[in-house]
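Peer 1: Okay, structure incoming, though there's no sequence with it:
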């Protein structure tokens, strides 16, 4: 029983080993490449005290640990993606040792190879759409005479209907943003919209999407996203990226 | 955002120290959207319950609320 395990970051096309010499992973450990059949798996050694099944469950609920680990994972994936076609693995993929990691890589070889073909020469952009707070709420002035209960209820009903129309309009604008961008991308994927507590913004998030884009069409895509951000009155469009192709690193079903 | 887009359009010919994927600060939540929900699933020997992402999200949300609450106090 050893006290360490092998953490897996990504499956990549072969990487020049000199490009790895300065790369540090989780806990500052050196990143190594395990090679098999024309593919590589980027790994580093992690302590089981942190990454064993039980401590991992506990640590995933610790925001600081989670952030540190996610940033370290991301740094390795980004460094690799700068050099070669890279399929990131999900956070916290841990094998008992290098041999076990290689065995897993071998099992997936054909599917991983075809995934890398799909990701080759492509990057990811993130696009979030927020509803703008309804500025036209004041288009219904408080013209309600004192004591007029019927008028009051009518105005309240109209305001509620107006809010509903605005929200439906914003929703369909968000949809058209998705469709337009998907038309300029190789693929699109919707993430779950972030809760205001997580997004840090009070406006509801209507769309939390990712798009896989050819690198040589990236400027075009970014320009289109920028135009969409300018054009719409009732929504706000926010672009993040470019990202390594995290959202599209999904293996075919066998 | 303009700056972001300009950087992106410069991407194909970027110098190593200007590479678009490296060194750009990203939101933790945007990162976790990707790292916890997507990415190749390769069943490790240590099989953790990341399938139960909701649990992580709920814990995280509670933590962020706590952190923000402390900050503004």
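Peer 2: Yes, it's here. Here the structure is a predicted model, which means the values were calculated and not measured.

Peer 1: and residue A:126, what does it touch?
Peer 2: Residue A:126 makes contacts with A:208-211, A:239-241, A:243, B:30, as judged by Cβ atoms under 8 Å, 6 or more residues apart in numbering or on different chains. In this view, the C-beta of every residue, glycine as well, is placed from N, C-alpha and C.

Peer 1: so it, which of the three states?
Peer 2: Following DSSP: H, G, I helix; E, B strand; the rest coil, the label given to residue A:126 is strand.

Peer 1: Would you mind giving me the confidence score for the nearest residue to it once chain neighbours are set aside?
Peer 2: Leaving aside its sequence neighbours, residue A:126 sits nearest to residue A:240 (Cβ to Cβ, 6 or more residues apart in numbering or on different chains; 3.8 Å). We note a pLDDT of 92 for residue A:240 in this prediction.

Peer 1: what's the neighbour count on residue A:240?
Peer 2: 19 (other Cβ atoms under 10 Å in any protein chain shown).

Peer 1: my guess is residue A:170 contacts residue A:132, does it?
Peer 2: Yes. Counting by Cβ atoms under 8 Å, residue A:170 touches residue A:132, with 7.3 Å between them.

Peer 1: Next up, identify which helix or strand the residue nearest to residue A:126 is on.
Peer 2: When secondary structure is defined using DSSP states H and E, the element that contains residue A:240 is strand A:235-243.

Peer 1: before we move on, what about residue A:2?
Peer 2: Element membership of residue A:2 [criterion: DSSP H and E] is none; it lies in no helix or strand.

Peer 1: Could you do residue A:206 as well?
Peer 2: Secondary structure assignment for residue A:206, by DSSP H and E: strand A:205-214.

Peer 1: between that strand and strand A:235-243, how many degrees?
Peer 2: Compare the direction of strand A:205-214 with that of strand A:235-243 by axes from the mean of the first three to the mean of the last three Cα atoms, to 10 degrees and you get 40 degrees.

Peer 1: Give the pairing partners of strand A:205-214; include direction for each.
Peer 2: Based on DSSP bridges, the pairing partners of strand A:205-214 within the sheet are strand A:122-131 (antiparallel), strand A:187-191 (antiparallel).

Peer 1: Need the winner for burial among the ones you listed.
Peer 2: A comparison of the strands paired with strand A:205-214 by mean neighbour count, using mean count of other Cβ atoms under 10 Å in any protein chain shown, puts strand A:122-131 on top with a mean of 23.

Peer 1: Tell me which helix or strand comes right after that strand.
Peer 2: Next in sequence after strand A:122-131, counting helices and strands by DSSP H and E, comes helix A:149-183.

Peer 1: residues of that following helix that come out buried?
Peer 2: By 16 or more other Cβ atoms under 10 Å in any protein chain shown, the buried positions in helix A:149-183 come out as A:155, A:166, A:170-171, A:173-174, A:177-178, A:181-182.

Peer 1: picking that back up, got TSV for the contacts of residue A:126, with distance to residue A:37 too?
Peer 2: TSV is the format used below for those (distance: Cβ to Cβ, whole Å):
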residue	distance to residue A:37
A:208	36
A:209	34
A:210	29
A:211	31
A:239	38
A:240	35
A:241	31
A:243	28
B:30	34
